[in-house]
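> Got a sequence here, can you model it:
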Amino acid sequence: MFNQEELALLARQLSALEASFSLLPEYKENEALAPMEAVLSELSSRMADNYPYFHPFYLGQMLKPPHPIARLAYSLCLYINPNNHALDGGRATSAMEKEAVAEIARMFGWSEHLGHLTSGGTFANLEALWIAKMLRPGTTVAASELAHYTHERISQVLGMGFEKIPCDAAGRMDIVELEARLQQGNIGTLVVTLGTTAAGTLDPLDAILALKRKYHFRIHVDAAYGGYFSLCEGLSVASRSAFEAMAQADSIVVDPHKHGMQPYGCGCVLFKDPGVGIHYKHDSPYTYFSSDELHLGEISLECSRAGASAGALWATQKLLPLVAGGTFAAALQCSRDAAMSLFQWLEEEADCVTVLEPALDIVLWFVAGASAQASSALSQRVFDKAAEMNLHLALARVPKKLLRDKIAPDSAFWDAESVLCLRVCLMKPAHIAWLPQIKTHLRVAMNEAVRTPAEKA
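Numbering: from 1, shown residues only. Got it, this is the predicted structure:
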């Protein structure tokens, strides 16, 4: 299940790292190993109380295992334990962070930028909206109703107004509704989501840019989940147009700890205009004294940050460059292909109702019942039955507007304003090869879920 040969590779490189410090006086930690093994034994036992996030039978939440090189690089860096807040704390990993972040910026079409890693997407989005507040004080932030809840919460923390823009039947920000709101004024920043967490949908960034030229608001792209798919082929025309327009955004967030195959937590925030760095300016002579070079803490709201995250990301991108047609892009394409294959299979299943054609790698559907509430109960039973077979799914409540092309809004089916759906994230490259087994288990779970009420009666 776990490739323990990786540890031999780590041991060899750890010896090489140790040799780099051979001029220092001899020093070894003398901690007794036996007590540590007892504690680690208990830890491994307790860690068994987890879903198998690493296995292709886990399709639930957005949990993608790190690439082996990311695990190894992170572990190797931990023996030094650098802190990328200042060059004093992480000279080597600070340089790696700048290189890795520059490659991510180039992926989005930026040769010039200001950016850095963060502890995750939430903090990355906070920094983007904080800069937006500095540049557009007193204005309101707006985002699609399907945008991540963190934007509303961050706006509250920053003391900024926040409004939701309705989405259309495709789960994308409704352009007509957006312009109607823009005409009222005071929207300073629009959050454009490329990869909603519920459905993987993409807001129409290309169309939104036309409105920006008319109404002069900032655009922040939250591509925490979907950003890396800009490298993929075979996307819809609408999806491709949205990704190609990213270079015209003012700021971008992407999460390497999602599709970038990094350990938690590793987010990334990028600004198109390096001049926004002036808003980070602060005085810390005891921290930044060792070099006239830019310290990453001088362009970050966070202070201490794990240099190991930068080392792991740099190593992964060194092995798997972020280029269209490369090995990294091919692995990501597997996720997209798996989602389309599963979607097409579900479309052919007579008792299944799919919600939206996948824009990325997320699939939503439910087993048709007599009503929305009956269908929701079926989704819960399928979820439970699949878990009994070690196939782990997720659930998501979907508003009826996203199903109006499948079920008329005035249909008798709608005894509720939403329906509980089954949701899967096909994030692992291995999912494409495992689809036959996944489909077989799903079919069994759906059949048993439908039979359950009759058996209990």
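
> quick one: the worst-scoring helix or strand of the chain on mean pLDDT to chain centroid distance?
The helix or strand of the chain with the lowest confidence, counting by mean pLDDT, DSSP states H and E, is helix 431-456 at a mean of 89. In terms of C-alpha atoms, centre = their mean, to the nearest Å, the centre of helix 431-456 is found 28 Å from the chain centre.

> counting contacts, what elements does that helix pack onto?
helix 327-348, strand 362-367, helix 372-388 (3 or more C-beta pairs under 8 Å, 6 or more residues apart in numbering; DSSP states H and E). To be clear about C-beta, it is placed using only N, CA and C from the backbone, and glycine gets the same treatment.

> Any regions of the chain where pLDDT drops low?
283-294, 453-457 (pLDDT under 70).

> got the domain boundaries for it?
77-283+291-319, 327-450 (the TED database).

> Can you get me the start-to-end distance on the longest one?
Using C-alpha to C-alpha, to the nearest Å, the end-to-end distance of domain 77-283+291-319 comes to 17 Å.

> Which stretches in the protein count as helices?
Counting by DSSP state H, the chain has helices at residues 6-19, 33-47, 68-78, 91-107, 121-135, 150-158, 175-182, 205-215, 237-244, 307-319, 327-348, 372-388, 431-456.

> May I see these organised as CSV, with mean neighbour count added?
Shown next, in CSV, are those (neighbours: other C-beta atoms under 10 Å):
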stretch, mean neighbour count
helix 6-19, 12
helix 33-47, 9
helix 68-78, 21
helix 91-107, 20
helix 121-135, 22
helix 150-158, 18
helix 175-182, 16
helix 205-215, 16
helix 237-244, 19
helix 307-319, 25
helix 327-348, 19
helix 372-388, 19
helix 431-456, 16
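
> do you know which of these lies nearest His55?
helix 431-456 (9.0 Å; C-beta to C-beta).

> And the residue most central in space within the chain, how close does it get to Cys268?
The centroid of the chain falls nearest to Tyr225 when counting by C-alpha atoms, centre = their mean (3.0 Å). Applying C-beta to C-beta, to the nearest Å, the value for Tyr225 to Cys268 is 13 Å.

> what's the answer for Pro166, then?
For Pro166 relative to Cys268 (C-beta to C-beta), the value is 29 Å.

> follow-up on the earlier one: which neighbours do Tyr225 and Cys268 share?
Shared contacts of Tyr225 and Cys268, defined by C-beta atoms under 8 Å, 6 or more residues apart in numbering, comprise Asp255.

> thinking again about what came up before, want to throw the helices and strands packed on helix 431-456 into TSV with distance to Gln437?
Listed next are the helices and strands packed on helix 431-456 as TSV, based on distance: least, C-beta to C-beta, whole Å:
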stretch	distance to Gln437
helix 327-348	12
strand 362-367	16
helix 372-388	12
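
> To Thr140, which of those lies closest?
Short answer: strand 362-367, nearest of the helices and strands packed on helix 431-456 by C-beta to C-beta, at 29.1 Å.

> Run through who's touching the closest one.
198-200, 339, 342-343, 346, 351-356, 375-376, 378-379, 382, 396, 398, 419-426, 446, 449-450.

> quick one: strands adjacent to that strand?
strand 352-354 (antiparallel), strand 418-425 (antiparallel) (DSSP bridges).

> List the buried residues of the first one.
Applying a neighbour-count criterion of 16 or more other C-beta atoms under 10 Å, one finds Cys352, Val353, Thr354 buried in strand 352-354.

> now that strand, how far from the chain's geometric center?
For strand 352-354, the distance to the chain centre is 26 Å (C-alpha atoms, centre = their mean).

> Likewise for stretch 127-143?
The answer for stretch 127-143 is 22 Å, by C-alpha atoms, centre = their mean.

> cool, stretch 356-363 as well?
With C-alpha atoms, centre = their mean, you get 15 Å for stretch 356-363.

> And stretch 247-257, by the same measure?
Using C-alpha atoms, centre = their mean, the offset of stretch 247-257 from its chain centre is 11 Å.

> And stretch 269-281, by the same measure?
23 Å.

> Contacts for it, please.
Outside stretch 269-281, the residues touching it (C-beta under 8 Å, 6+ apart) are 101, 104-105, 108, 110, 112-116, 118, 124-125, 127-128, 130-131, 134-135, 249-254, 298-301.

> Just the C-alphas of that stretch, formatted as PDB.
What follows is stretch 269-281, C-alpha atoms only, in PDB (Å, rounded to 0.1, in the frame of the first residue of the first chain):
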ATOM      1  CA  VAL A 269      -1.100  34.100  -3.800                       C
ATOM      2  CA  LEU A 270       0.000  36.100  -6.900                       C
ATOM      3  CA  PHE A 271      -0.400  39.800  -7.800                       C
ATOM      4  CA  LYS A 272       0.000  41.000 -11.400                       C
ATOM      5  CA  ASP A 273       1.400  44.400 -10.200                       C
ATOM      6  CA  PRO A 274       4.500  44.000  -8.100                       C
ATOM      7  CA  GLY A 275       3.900  47.600  -6.900                       C
ATOM      8  CA  VAL A 276       1.300  46.300  -4.400                       C
ATOM      9  CA  GLY A 277       4.200  45.200  -2.300                       C
ATOM     10  CA  ILE A 278       4.300  48.700  -0.900                       C
ATOM     11  CA  HIS A 279       1.300  47.900   1.200                       C
ATOM     12  CA  TYR A 280       3.300  45.100   3.000                       C
ATOM     13  CA  LYS A 281       6.100  47.500   4.000                       C
END
